[in-house]
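Asks: dropping a prediction and its sequence here:
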Amino acid sequence: MLKVYFAEFTNGRLSRIQYLGYAVFLVALMLAIGIGLGATAGIAEHMIGGELQEAQSKLANKFGGIVTVLVMLLFLLLLVAKLNIMAKRIRDIGLSGWWLVLAVVVLAGLASQLHTEQTGGAVIGLASLLLMLIPGGTFDKNF
């Protein structure tokens with residue numbers, strides 16, 4: 001499974017069902033990480049005695065830098081995995097994978113800057129939905 005997310009950056013392909021499965025797994029992983037971070041803050045709050053701001057400041061003072069770096073690295077890994085499976089699915093359709101992924105990311109960034117952050121997310125969501133709906137092509141293996 002790691003090979004699908006972090007290997008074959010230039011020549012891999014995914015069918016619609018494979019793309020759906022790997023994308024759903026990434027979303028579930030992100031949700032689990034978010035719930036884990038929230039639970040950690042809740043446990044710390046409970047241990048301190050129910051004062052949320054005090055718990056947050058103590059956690060930030062002790063672990064703030066380390067946790068921030070780890071969360072950013074984890075986010076970067078998940079982003080690379082998402083973009084790689086998008087590129088593989090786009091190649092299966094018969095288009096240039098990384099160029100089209102770059103175009104989607106730029107469009108999402110522009111939408112976020114010109115309108116709202118939710119609009120940028122909607123662009124990525126729409127691109128993912130289209131990748132799940134457009135059938136793949138039958139191309140040579142040298143493509």
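Replies: Everything's here; your move. Numbers count the residues shown, from 1 in each chain.
Asks: hang on, isn't Ile93 packed against Ile134?
Replies: Yes. When contacts are counted by C-beta atoms under 8 Å, Ile93 is listed as touching Ile134 (5.5 Å). For glycine as for every other residue, the C-beta is placed from the backbone atoms N, C-alpha and C.
Asks: which residues are in contact with both of these two?
Replies: Residues touching both Ile93 and Ile134 (C-beta atoms under 8 Å, 6 or more residues apart in numbering): there are none.
Asks: so where's the chain shaky on pLDDT?
Replies: Along the chain, segments meeting pLDDT under 70 span 48-52, 55, 138-143.
Asks: ok, 80 please
Replies: Within the chain, the stretches with pLDDT under 80 are 40-65, 67-68, 137-143.
Asks: now do the helices in it.
Replies: Counting by DSSP state H, the chain has helices at residues 2-6, 16-48, 52-93, 97-114, 117-133.
Asks: for these, give me TSV that also has mean neighbour count.
Replies: Converted to TSV, these look like this (neighbours: other C-beta atoms under 10 Å):
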stretch	mean neighbour count
helix 2-6	13
helix 16-48	13
helix 52-93	15
helix 97-114	15
helix 117-133	15
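Asks: Ala81 reaches Lys3, doesn't it?
Replies: No. Ala81 lies out of contact with Lys3 (C-beta under 8 Å); the separation is 11.2 Å.
Asks: got the contact list for Met30?
Replies: Taking C-beta under 8 Å, 6+ apart, we find Met30 in contact with Leu78.
Asks: now do it against Val123, distance only.
Replies: 18 Å (C-beta to C-beta, to the nearest Å).
Asks: over to Phe9?
Replies: 23 Å.
Asks: Gly136 and Ile93 touch, don't they?
Replies: Yes. Using C-beta under 8 Å, Gly136 is in contact with Ile93, at 5.8 Å.
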